[in-house]
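Student: just a sequence and a predicted model for now, questions to come.
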Amino acid sequence: MYFFHPQLLLDLLTAKYEDAFLVGYREENSYGDEEMKVKIRRGQLMEISKEMDPNQADGENVGIVKFGASGHEY
């Protein structure tokens, strides 16, 4: 049983970026208070927050991330 499709993990691990995370997108902005909403610009994370206005969110952080050796510096 999978909680997410294995291809998503493979895509994350083979991403060209040292630090990366998976983002879930919906057709409509129906994010609630519990979702960790994200704002993305030109492929880069600009903001991540539960308090973000749902209408300003580009997606939701699904909690699966990878960090390279320098990723802890952020």
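Tutor: Thanks, I have the structure now.

Student: which residues of the protein score low on pLDDT?
Tutor: 29, 72-74 (pLDDT under 70).

Student: ok, longest strand in it?
Tutor: Of all the elements of type strand in the chain, the one with the most residues (DSSP state E) is strand 59-66.

Student: contacts for stretch 58-68, please.
Tutor: 4, 8-9, 12-13, 15, 18-26, 31, 35-40, 48 (C-beta atoms under 8 Å, 6 or more residues apart in numbering). For glycine as for every other residue, the C-beta is placed from the backbone atoms N, C-alpha and C.

Student: same question for that stretch: list its buried residues.
Tutor: Of the residues in stretch 58-68, those with enough neighbours to count as buried (16 or more other C-beta atoms under 10 Å) are 58-62, 66.

Student: how about the helices of this protein, start to end?
Tutor: Chain-ordered helices for the chain, with DSSP state H as the definition, fall at 6-13.

Student: how about the strands in it?
Tutor: Counting by DSSP E, the segments of the chain that form strands are 20-24, 37-41, 44-49, 59-66.

Student: tell me what the second one is packed against?
Tutor: The reference is to strand 37-41. Contacts of strand 37-41 with other secondary structure elements, assessed using 3 or more C-beta pairs under 8 Å, 6 or more residues apart in numbering; DSSP states H and E, are made with strand 44-49, strand 59-66.

Student: strands paired with it, and their directions?
Tutor: Each strand paired with strand 37-41, and its direction, by DSSP bridges: strand 44-49 (antiparallel), strand 59-66 (antiparallel).
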